[in-house]
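> predicted model and sequence follow; I will ask about them next.
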Amino acid sequence: MSTKFSTQLDGADVKIEGGEIIVNGPKGEARAKIVYSFLSVRKEGDTIYIECKKDTDYQKAIAGALNAQVRNMVKGVKEGYTAELELVYTHFPASMKLVSNKLVVENFVGERKAREIPLPNDVKAKVQGTKITLEGIDKYKVGQVAGTIEKKVQIKNKDRRVFKDGIFIVKKPE
């Protein structure tokens, strides 16, 4: 007996072709590759089924992970994902702005050179004062960009208890 996982499509258009799951919706298109040969994916009506050939823990874990990814893709193309970050400074008044496809943080801890963080094309960013909002259809990519911003604007070689400056994630994509 093989284990089956299912996801409701809720009006999203799904195609399975060439070892890839393609989900279309009002916000855009998301794709996921079916890498493992022991998985079978099929669409019946408004539901997509992911099945593994054997009932090993490994195969069930991979099938469950792909099912979660498809569920996130369906939600992403319908509603999208947002993450929020906030710039915090105590010693020097830092500022940030968007320049083409880069987030530029100026005067961070009194640094003369601005820190530039490149942003991917499929993640949209908005800067309002000290807040940054990231929006996109891919939950993993939005979260990765938020983590990258937080990591690039980090205090090094100073006491973190005194210098609490940085850009911090306030709301993760959910």
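Arrived safely, thanks for sending.
> show me the contact partners of the lengthiest helix in the chain.
Determined from DSSP state H, the single longest helix within the chain is helix 57-78. Helix 57-78 has contacts (Cβ atoms under 8 Å, 6 or more residues apart in numbering) with 3, 5-12, 14, 21, 23-30, 32, 34, 36, 38-39, 41, 48, 50-53, 81, 136-140. Every C-beta, even on glycine, is put in place using the N, C-alpha and C of the backbone.
> report the mean confidence score over it.
The average pLDDT for helix 57-78 rounds to 94.
> circling back to that earlier point, may I see the ChimeraX selection of the buried members of the contacts of helix 57-78?
A single ChimeraX command selects the buried members of these (16 or more other Cβ atoms under 10 Å):
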select :5,7,9,12,14,21,23,25,27,30,32,39,41,48,50,51,52,81,136,137,138,139
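> circling back to that earlier point, for the helix or strand following the longest helix of the chain, which positions count as buried?
Scanning forward in sequence from helix 57-78 by DSSP states H and E, the next helix or strand is strand 81-88. Within strand 81-88, the residues scored as buried using 16+ other Cβ under 10 Å are Tyr81, Thr82, Ala83, Glu84, Leu85, Leu87.
> in the longest helix of the chain, what counts as buried?
For helix 57-78, by 16+ other Cβ under 10 Å, it's 59, 62-63, 66-67, 69-78.
> quickly name whichever of those is closest to Arg160.
Closest to Arg160 out of the buried residues of helix 57-78 is Asn72 (33.3 Å), distances taken as Cβ to Cβ.
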